[in-house]
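how would this look folded up:
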Amino acid sequence: MRKNVFGRQLKRDKNERKALFKGLMSALVLKEKIKTTEEKAKAIRGQVEKLVTKAKKKGQGASSLLSPYLSPLAMNKMITELGSRFKDRPGGYTRIIKLGRRFGDNAMTVLMEWTEPSEIKKQISQPKAGPPLAENIKNVETITEEEVKPKRKTNVKTKTTAITKPKTKTKKARKEVKK
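Purely as a prediction, here's the structure:
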């Protein structure tokens, strides 16, 4: 019996669970949001929130505390960007948005993301000055369907259509080859 045992097993042994959680948490830190099952998101939510708090309080000294849980790139981003982003927030760093059931196994899928948007997303959302859209260009050459399709020969008697191939040999050339 499994009484008073904390955490979710997710049908994995200890090492597999640790690797799964490390991958999910690193992906959340690096990509800012992940799409996963509800059970996995709820399993890592508490750990992620604790890691953000450690990064926020310890600053650069938190690398030894974060290294068992995150990849090196994710650890650096956690300390430099996320620690300063959530400086004034006391908790509740992540949100889970339900997306619906997955078709294959009917598992509930969710989108897990940070509550505070990054500054990079704000810069990207502003329109950039770039090349004009195709709608604005007037001198665009269009290719008609007649130019793309191969020419077809129609037999009037049977009303069938066949693609014509150029003949390489004439009747005289065939007769000469046979001799």
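
all strands for the protein, in order.
Using DSSP state E, the strands found in the chain span residues 33-37, 94-101, 108-114, 152-155, 160-163.

looking at those strands, which is closest to Ile79?
When the strands of the chain are compared by C-beta to C-beta, strand 108-114 sits nearest Ile79, at 15.2 Å. All C-beta spots, glycine's among them, are computed from the backbone N, C-alpha and C.

hmm, back to that, the strands of the chain: which one's closest to Gln47?
Taking those one by one with C-beta to C-beta, strand 94-101 is closest: 10.6 Å.

buried residues of the longest helix belonging to the chain, list them for me.
Within the chain, and with DSSP state H defining each element, the longest helix by residue count is helix 38-58. Across helix 38-58, burial judged by 16 or more other C-beta atoms under 10 Å covers 40-41, 43-45, 48, 51-56.

same question, stretch 62-78
For stretch 62-78, the buried set under the neighbour-count rule, 16+ other C-beta under 10 Å, comprises 62-63, 66, 69-71, 74-75, 77-78.

rewinding a little: the strands of the chain into CSV, with extra columns for mean pLDDT?
Putting the strands of the chain into CSV (pLDDT from 0 to 100) gives the following:
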stretch, mean pLDDT
strand 33-37, 96
strand 94-101, 96
strand 108-114, 97
strand 152-155, 60
strand 160-163, 59
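
between those strands, which one is closest to Lys11.
That would be strand 33-37 among the strands of the chain, by C-beta to C-beta, at 11.9 Å.

Arg95 against Glu113, yeah?
Yes - between Arg95 and Glu113 a contact is recorded at 6.0 Å, counting by C-beta atoms under 8 Å.

for Pro90, which residues are in contact?
Applying C-beta atoms under 8 Å, 6 or more residues apart in numbering to Pro90 gives no contacts.

backbone phi and psi for it, please?
Backbone torsions of Pro90, given as degrees, to the nearest 10, read phi -80, psi -20.

and what of Arg102?
With angles defined as degrees, to the nearest 10, Arg102 sits at phi -80, psi 140.

circling back: present the strands of the chain as JSON lines; the columns should include mean neighbour count and distance to Gly7.
Shown next, in JSON lines, are the strands of the chain (neighbours: other C-beta atoms under 10 Å; distance: least, C-beta to C-beta, whole Å):
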{"stretch": "strand 33-37", "mean neighbour count": "17", "distance to Gly7": "16"}
{"stretch": "strand 94-101", "mean neighbour count": "12", "distance to Gly7": "18"}
{"stretch": "strand 108-114", "mean neighbour count": "17", "distance to Gly7": "18"}
{"stretch": "strand 152-155", "mean neighbour count": "10", "distance to Gly7": "68"}
{"stretch": "strand 160-163", "mean neighbour count": "9", "distance to Gly7": "66"}
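
identify whichever of these lies nearest to Leu20.
Using C-beta to C-beta, the nearest of those to Leu20 is strand 33-37, at 9.9 Å.

alright, calling it a day.
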